[in-house]
Every structure is written in structure tokens, then in C-alpha cells.
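Participant: this one's sequence-less:
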């Protein structure tokens, strides 16, 4: 199976520090999630179980190398990525226990569950009823901002804790938190006219005592359309009858909104390939380099077969709905793979193959009207060269003459931050997505 071989070749090993030093704290939690998920996938192929063990062992190393205390002092979304990281680890243990004799890694269940629980306790302090009628604030250190990703993460983490945290199993507190989180998210008017989640809400009259979320940032990113899918699938597993069907239909509608966004202002797909606004201009931050992989990881989770407790009609609608995305997912895997450089590292802009040094599309701006791109430090109307240059100065792959040489010798995916562990992780998620889709048929 060619894609299986590519996945095996794609996983980046940990450094001697049991981490990815060039990564950002929260993005390395995402990398840990991809590592856990890949180990789970590989454990289901008899001839790759040894490699599953290898990557599981690396996940154990990352448990010790993860900067937990630093993360606890960061924004609530950063903390919640860690919760999902170790929930994915617990899911991998469940998969390994169901697939094999011998070593399953179950001795790590308690430690990983404790890490997820500990970080969840810190994160849930971000729930705030005073402003905007509820919802999670993004950070305890900054002006209140109720954004989509933090609330989606709280929703997804809560229902995932309900289903997969074993101490005690199916703790209803997590289910109640998930219900509360999604009720607020759904009523928050966070989606635009195309059905896509925008970035979030500011409170324009905060200094005057205002409490209403009334200033929406219209910027759209792929990951804001992805994380919520894990929450919706989890709720469908916990619900019954028409309620379960409703969650599945909402998830399918959101995926369809992403795929049909091509050609609109704010599009997230171009020529059939997921594309962030910063990709063509080469000014994606390391944060944004993870976004497409996050979307595909959660799309993969959403489309995995539902358990038998879900009504047959709902499960059938889910299976048929997700089958429509196979060609799209294969397109992402092929596009991501085409960006490999000579070292095998995949780039962030999947829309251009490795070796291409120019593109007419590199200066096109499809951001929604009057929006900034704060994630990528490009707040003004697009000046791709200026934004790319500012990212290049921060690139982890070189400084000064080394950076200049990298840019001159490289291709379109060597602009700005260049190829990083974050950009590569997105390609790993794309390859795994296809394997999981094929295995689920």
C-alpha cells in the first residue's frame, strides 16, 4: 500500500530532548496527537505493528518532554490541545488492546489520563458567564476574546473526556460541559453566510462596562471548521434517535461548506486543495502551518465508523455522507506529498509541488472584506512580500546568510517560515486520513 509506506517515512522522530525543539508549545501537542493517531493506525496492519510500537514509544518519550508547566500558564486553547493530545493517546491504547496480543501500552493509561485530567481542570476555568452569555475566553492574560477555536476545543475535549477518560468512565460532568459548550457555540452567531466558522468575537464597549459580543472577526481558517467535528461525532455517540442524526447532519453540512467554499471570498479550498489565506503569499506562521492537518485529523475522527449503539439509520447516513469525501481526502494526500523536498519534508502550501519557484496565485488575497490576519501577523490589506519577509526573520530554519541561502535555493514552500515540523505534520495527517477512510470501508 503506497500511502502506508509514505506515512511510515513521514513521521518525524523526537529530538534527544524528547520533543520537537523548533516547534511551538501548543503545536507540539498537535504533533503528539498526530503521533498517537499514526501509532493507532499502524497497529491495525499486521506487518506494521512493530512500527506502531516504535511510535508509541516515542509518544511515551514526548510525555516526559512536553513543557506542561509552561503550557499551564498560556491561553486556554493551548491547554486544551494538550487534553486532546493525551485523549488520542488513550484512544490508541484502546485500539492496540483490541488488535493484538502482547504489548498494548496499557501501563501508560493512568499517566496519560492524569495528564488529560490535570490540563482539563486548568482549562475549564476559562468558562465565563459574565460576558456574552457564556462561552470560553481565549486567554486569562489578555482582553476578553471569545473565539471559535477555544470554544470548539472545550466542546471537543469535554465530549472526548466523557467517552475516553477511564477514571471514572463516562463521567456525566464532561457530557454536561459538552452540551453547555455546544449550546453556546451554536447560538453565538459565530458562522458566516457561507456556514463557515469565523475567528471570534470582541466586546466593543468593554471599557464602558459592555458585556455583549458584538464585534466579529470575519477571518476564516481551516482548523476552525475541523475541531468541532470531533465534538459533533462524540455527541452523536452519546445521543439517541433524531438528536444523534442532527449532530451528524450538522457535521456533514460544515464539511460541505468547506468543500464548496472554492470561488468565494474567504475560500478555504482552491483547485480542490485545502488552502489557508497565508499559503499563496508564503507568510504562514508556524501556528497556521498546522491548521490544514488539524482539519483533516478531526474530519478523519468524524468519519470513523460509529459504534453499534447508534441507530442503524443514523449510522448509514453517516457512512454514506462521509464516503463522498474520499476523493477529496485522496487529493489532499497527493497534494501534500508533492511538496516534499530532497530531505522528505513536506511544505505548508499544498497547492504547489516541490521545486516550483513562482506562481501567479502567490499575490492573490481571498480574505473576507475588511479582515485582518492576526494569526499570521499580517493585519493590513495583503502585502505578501512584506508579510513573508517578516515571517522569514522568525523562521526556525536559519538566520542571516543561512536563511538567504535557503530562500535562494528553495521553492515556494521555502518562503517565510519555510518547511517546519508543523508544515510536515499536516502532510502526515493527510496521509493517515486516506488510510483510515479506506480501512473504514
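Facilitator: That came in fine, so what should we check first? In this text, all values refer to a predicted model and were calculated from it rather than measured experimentally. Residues are numbered from 1 along each chain as shown.
Participant: In this structure, where's the longest helix?
Facilitator: For the chain, the helix reaching the highest residue count under DSSP state H is reported as helix 76-99.
Participant: So residue 371 versus residue 205, what's the distance?
Facilitator: Using Cβ to Cβ, to the nearest Å, we find residue 371 at a distance of 21 Å from residue 205. For the C-beta atoms, the positions are set from N, CA and C on the backbone; glycine is no exception.
Participant: And the residue nearest in space to the middle of the chain, what's its pLDDT?
Facilitator: Most central in the chain under Cα atoms, centre = their mean is residue 294, positioned 2.0 Å from the mean C-alpha point. The predicted structure scores residue 294 at 98 on the pLDDT scale.
Participant: Could you do the one 3 residues further on as well?
Facilitator: For residue 297, the pLDDT comes out at 98.
Participant: got the contact list for it?
Facilitator: Neighbouring residues of residue 297 by Cβ atoms under 8 Å, 6 or more residues apart in numbering: 33, 34, 37, 226, 429, 432, 433.
Participant: let's go with 10 Å and repeat that
Facilitator: Residues near residue 297 by Cβ atoms under 10 Å, 6 or more residues apart in numbering: 30, 33-34, 37, 84, 88, 223, 226-227, 229-230, 290, 425-426, 428-430, 432-433, 436.
Participant: Which strand or helix spans it?
Facilitator: helix 291-303 (DSSP states H and E).
Participant: Whichever helix or strand comes after that helix to helix 291-303, inter-axis angle?
Facilitator: Toward the C-terminus, helix 291-303 is succeeded by helix 312-323 as the next helix or strand (DSSP H and E). Per axes from the mean of the first three to the mean of the last three Cα atoms, to 10 degrees, the angle that helix 312-323 makes with helix 291-303 is 150 degrees.
Participant: Which positions in helix 312-323 come out as buried?
Facilitator: By neighbour count on 16 or more other Cβ atoms under 10 Å, the buried set for helix 312-323 is 314, 315, 317, 318, 321, 322.
Participant: Kindly report the same for stretch 220-237.
Facilitator: 220-237.
Participant: if we can go back for a sec, of the buried residues of helix 312-323, just say which sits nearest to residue 46.
Facilitator: Distance from residue 46 was checked for each of the buried residues of helix 312-323 by Cβ to Cβ. The minimum falls on residue 322, at 25.5 Å.
Participant: Could you find the closest non-adjacent residue to that closest one?
Facilitator: Of all residues beyond its chain neighbours, the one nearest residue 322 is residue 303 (3.7 Å), with distances taken as Cβ to Cβ, 6 or more residues apart in numbering.
Participant: List the contacts of the residue lying closest to the residue nearest to the centre of the chain once chain neighbours are set aside.
Facilitator: In this structure, residue 294 finds its nearest non-sequential neighbour in residue 223, 4.1 Å apart by Cβ to Cβ, 6+ apart. By Cβ under 10 Å, 6+ apart, the contact set of residue 223 is 30, 148-149, 152-153, 197, 276, 287-288, 290-298, 375.
Participant: let's see 8 Å
Facilitator: Shown in contact with residue 223 (Cβ under 8 Å, 6+ apart): 149, 290, 291, 292, 294, 295.
Participant: Go through those residues and name the one nearest residue 161.
Facilitator: For residue 161, the nearest member of these is residue 149. The distance, counting by Cβ to Cβ, is 17.9 Å.
Participant: I figured that closest one hits residue 226, correct?
Facilitator: No: in this structure, residue 149 sits apart from residue 226 without contact. The criterion is Cβ atoms under 8 Å, and the distance is 9.6 Å.
Participant: Give me the below-cutoff pLDDT ranges for this protein.
Facilitator: Residue ranges of the chain with pLDDT under 70: 1-16, 100, 360, 363, 370, 372, 377, 379-386, 396-409, 440-441.
Participant: hmm, what's the outermost residue in it?
Facilitator: For the chain, the largest distance from the centre (Cα atoms, centre = their mean) belongs to residue 208, which lies 36.0 Å off.
Participant: circling back: neighbour count: residue 371 and residue 205, which is higher?
Facilitator: For residue 371 against residue 205, the residue with the higher neighbour count under other Cβ atoms under 10 Å is residue 371, and the figures read 19 against 11.
Participant: what's the distance between the more buried one and residue 121?
Facilitator: As judged by Cβ to Cβ, residue 371 and residue 121 stand 35 Å apart.
Participant: One more: residue 156?
Facilitator: Taking Cβ to Cβ as the measure, residue 156 and residue 121 are separated by 17 Å.
Participant: Just want to know which of these two has more residues nearby.
Facilitator: A count of neighbours by other Cβ under 10 Å puts residue 156 above the other of residue 156 and residue 121, at 29 against 12.
Participant: So what would you say the end-to-end distance of stretch 350-357 is?
Facilitator: 14 Å (Cα to Cα, to the nearest Å).
Participant: ok now that stretch, how far from the chain's centre?
Facilitator: On the basis of Cα atoms, centre = their mean, to the nearest Å, the separation between the geometric centre of stretch 350-357 and that of its chain is 23 Å.
Participant: Give the buried residues for it.
Facilitator: Neighbour-count burial for stretch 350-357 flags 350, 351, 352, 353, 354 (criterion: 16+ other Cβ under 10 Å).
Participant: quick one, what contacts residue 196?
Facilitator: Taking Cβ under 8 Å, 6+ apart as the definition of contact, the neighbours of residue 196 are 220, 224, 225, 254, 257, 258, 261, 266, 268.
Participant: what do you get for residue 375?
Facilitator: Contacts for residue 375 were tallied using Cβ under 8 Å, 6+ apart; they are 199, 219, 221, 278, 285, 287, 288.
Participant: can you give me the strands in the stretch 1-150 of the chain?
Facilitator: Taking DSSP state E, counting those that start in this stretch as the criterion, the stretch 1-150 of the chain contains strands spanning 146-147.
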